[in-house]
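J.: My questions are about this predicted structure, shown below with the sequence.
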Amino acid sequence: MTASSARFSHALFRHAEALLSELLCSVFPADLVVSRYFRQHRELGHADRGFIAETVFLVLRRKRSLSARCADELTSRRLLLAVLACLQGMNRRQLEGVLSESESKWLAQAKAVKIDELPPAVRLDLPDWLYAEFMAQYAADEVERLANGLNQPAPLDLRVNPLKTGRSEVLARLLADGLAAEACRYSPLGIRLLGKPALSKHPLFIDGSIEVQDEGSQLLGFLVQPRRGEMIADFCAGAGGKTLLLGALMRSQGRLYAFDVAERRLARLKPRLARSGLSNVYPLQIESERDVKIRRLAGKLDRVLVDAPCSGLGTLRRNPDLKWRQMPASVAELCAKQAAILAAAGSLVKVGGRLVYATCSLLEAENDAVVQAFLAQHPDFVPCSAQDILARQGIAIDVGERLRLLPHQHGTDAFYAAVMDRR
Ligand SMILES: C[S@@+](CC[C@H](N)C(=O)[O-])C[C@H]1O[C@@H](n2cnc3c(N)ncnc32)[C@H](O)[C@@H]1O
C-alpha cells in the first residue's frame, strides 16, 4: 500500500472517478483539467488532492496495460479499481464499500492477468507507433528502461535565483521548514524536493528566491551560457521558465527578448518576472516566426534560444496524456514548424554568436533531423559540444555533442539540445 492509498475513502474514490471520466473524454491537457476540477472543489485539502491527482495520473500513465486487465468493460470506474488493486496494492478489505459482488469477481480476474505475457507496447504502456519509434532509435532493453522511466512520476525541482540568494541558503531554509530537499546532481542552481509540498505561499517563492523548474530545463539555460550586457532572445519563451534563468545568468544586465506567439503564455511570465527582480527582460508577442517586429534584430543578437514547440513526449512523467494524444501526423506538422522557427531564429544571430535548438521530445524527427537540415542549409553555423560547454561551467555530464537527457539515466525529463555557433 502506498502512503496515499492509506487515505482512501469512498468520497475520494467518487472524486477520482468523476475526474477520470472528464479526463478520458477531454480535448484539453490533463493538468488543465485537473486544476479546473480542484478549483471547482475547493473543499478538497492538499493531501486529498494529492491522492486524487496521483491516482488518475497513474491511470493515464498505465492506461494500455490497465485496459488489458479490464478486458471488455472499459469504464473509468473499472480503470480506477484496477489501478488501486493491481498497481497501488489495495486489498478487498480496503476497497470494501466501493466494490460490488460482481466487481470483486472481475477484479480477481484483472489481478490474475499476466502482464509479462502481454505484447511489449501494451506492457510498457506505449501506443504502437511510439513503441516502434523508440525501437528504431534504441536497443530493446533501453526501450524497456526508457518506458519505465517515463512511466514514473516526476520529482519536484526548484531553481534558485542567484540574484536573490544562494543554493546553500535555500537548502538550509527548506530543511529548517521541515521539507526534505537535496542539491541536484547537475544543475548548480537546482534543488530536488523529496515530496510534493505546496510552495506557492512559501516566503522563498513569494520573494522570487526560488522557481519551479525541472533540472533538465535548467541545463538548457547553461548551454546558452549568457553573459552580462549581451543581447539575447528566448524565441519561444512561453511562460518564461528558461527566460528567468537566462536573465539571472545575465545578472539582469543587457537585453533579453522573450518572444512567443501565445499572449496567454507570455502573460503568465509577468508575475514571475515581478518576483524575480529582473529588469532586463522584454516580453514581445509575435504573430509568427516571420513577424516584421523581429526582422530589425537580424544579425544583431549574441545568443538565441529556440525552445521549440514539440510533441512534449519527453515530459510524459508530468503529462502522461500526451502519449495518447500525439499521432505521427501531429508530429509531422510540428517538425515543419520547428524547421521554420529555427531558420527564423538563426537569422537573428550575429557572427560569433550562438544558437541553441532544444526540445522536450524524444523523437529524432523533431531533434537531430531538424538540426541536420538546418546545418546543411546554413554552413555558417557550426555545431559545438554540449558536454564541453557544460564542463567549462563545472557541470560534469557525459552527453557528447548533443545534449540528450533521459529520465532513467539523468533523473530529469527528457530533453534534447544542439548548440551551434555562427562563424
Ligand atoms: C516548449 S514551449 C516553451 C516553454 C518555455 N520556453 C519555458 O521554458 O517555459 C514552446 C513555445 O513555443 C511557442 N510557439 C509556438 N509557435 C511559435 C512561433 N512560431 N514563434 C515563437 N514561439 C512559438 C508556444 O506558444 C510555446 O509557448
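T.: The structure has been received and is ready for your questions.

J.: low-confidence ranges in the stretch 201-350 of the chain?
T.: For the stretch 201-350 of the chain, no stretch has pLDDT under 70.

J.: Alongside the ligand, which residues does the stretch 251-400 of the chain contribute?
T.: Counting by Cβ under 6 Å from any ligand atom, the stretch 251-400 of the chain comes close to the ligand at Phe259, Asp260, Val261, Ala262, Arg265, Ile286, Ser288, Glu289, Asp307, Pro309, Ile341. Glycine gets a C-beta too; all of them are placed from N, C-alpha and C.

J.: Taking the residues you listed together, which two end up most distant?
T.: The distance between the two most remote of those (Cβ to Cβ) is 16.5 Å, for Ser288 and Asp307.

J.: Tell me which of those two has more neighbours.
T.: A count of neighbours by other Cβ atoms under 10 Å puts Asp307 above the other of Ser288 and Asp307, at 26 against 11.

J.: Isn't that one up against Val224?
T.: No: assessed by Cβ atoms under 8 Å, Asp307 is found out of contact with Val224, at 9.9 Å.

J.: who's in contact with the nearest residue to Ala414 once chain neighbours are set aside?
T.: Nearest residue to Ala414, sequence neighbours excluded (Cβ to Cβ, 6 or more residues apart in numbering): Gly314, at 3.0 Å. For Gly314, the residues meeting the contact criterion (Cβ atoms under 8 Å, 6 or more residues apart in numbering) are Thr359, Cys360, Ser361, Leu362, Leu405, Asp413, Ala414, Phe415, Tyr416.

J.: possible to save those residues as TSV with pLDDT and distance to Ala181?
T.: Converted to TSV, the contacts of Gly314 look like this (pLDDT from 0 to 100; distance: Cβ to Cβ, whole Å):
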residue	pLDDT	distance to Ala181
Thr359	98	29
Cys360	98	24
Ser361	98	29
Leu362	98	28
Leu405	98	21
Asp413	98	19
Ala414	98	23
Phe415	98	22
Tyr416	98	28
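
J.: Put together a markdown table for those, with secondary structure, neighbour count and distance to Phe381 on each row.
T.: Converted to a markdown table, the contacts of Gly314 look like this (DSSP: H, G, I helix; E, B strand; the rest coil; neighbours: other Cβ atoms under 10 Å; distance: Cβ to Cβ, whole Å):
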| residue | secondary structure | neighbour count | distance to Phe381 |
| --- | --- | --- | --- |
| Thr359 | strand | 27 | 18 |
| Cys360 | coil | 27 | 22 |
| Ser361 | coil | 26 | 21 |
| Leu362 | coil | 27 | 24 |
| Leu405 | strand | 24 | 23 |
| Asp413 | coil | 23 | 26 |
| Ala414 | coil | 25 | 24 |
| Phe415 | strand | 26 | 20 |
| Tyr416 | strand | 28 | 17 |
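
J.: quick one on the thing from earlier: among the residues of the stretch 251-400 of the chain next to the ligand, name the ones in helices.
T.: When DSSP state H defines the helices, the subset of those inside them is Arg265, Ile341.

J.: Any quick ChimeraX command for the buried ones out of the residues of the stretch 251-400 of the chain next to the ligand?
T.: Under the burial definition 16 or more other Cβ atoms under 10 Å, those of those that qualify are selected in ChimeraX by:
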select :259,260,261,265,286,289,307,309,341
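
J.: you'd agree Gln88 is up against Val59?
T.: No: Gln88 is beyond contact range of Val59, at 10.6 Å (criterion: Cβ under 8 Å).

J.: Compare those two and say which is more crowded by neighbours.
T.: Taking other Cβ under 10 Å, Gln88 and Val59 do not tie; Val59 has more neighbours (23 against 18).

J.: What helix or strand is the more buried one located in?
T.: Assigned by DSSP states H and E, Val59 falls within helix 46-61.

J.: Then Pro226?
T.: Short version, using DSSP H and E: Pro226 is in no helix or strand.

J.: quick one: it from Val306, how far?
T.: Separation of Pro226 from Val306 (Cβ to Cβ, to the nearest Å) stands at 15 Å.

J.: next one: Leu244
T.: Applying Cβ to Cβ, the value for Leu244 to Val306 is 17 Å.

J.: ditto for Ala343
T.: Where Val306 is concerned, Ala343 sits at a distance of 10 Å (Cβ to Cβ).

J.: now do Val261
T.: 13 Å.

J.: so who does Ala110 touch?
T.: Applying Cβ under 8 Å, 6+ apart, the residues near Ala110 are Arg69, Cys70, Ala71, Arg78, Leu81, Ala82, Ala85, Cys86.

J.: I meant Val143, not that one.
T.: Applying Cβ under 8 Å, 6+ apart, the residues contacting Val143 are Pro120, Leu124, Tyr131, Phe134, Met135.

J.: So the residue nearest to Ala414, which state does it fall into?
T.: Three-state assignment for Gly314 (DSSP: H, G, I helix; E, B strand; the rest coil): helix.

J.: Distance check, it against Ala139.
T.: 19 Å.

J.: before we move on, what about Gln152?
T.: 20 Å.

J.: Can you pick out the residue with more neighbours from those two?
T.: A count of neighbours by other Cβ under 10 Å puts Gln152 above the other of Gln152 and Ala139, at 13 against 9.

J.: Tell me how far that one lies from Phe8.
T.: For Gln152, the distance to Phe8 - Cβ to Cβ - is 22 Å.

J.: Then His15?
T.: Per Cβ to Cβ, His15 is found 11 Å from Phe8.

J.: Could I get the contacting residues of Arg422?
T.: Gly346, Val349, Lys350, Val351, Gly352, Gly353, Arg354, Leu355, Asp380, Phe381, Val382.

J.: among the contacts of Val143, which ones are buried?
T.: Leu124, Tyr131, Phe134.
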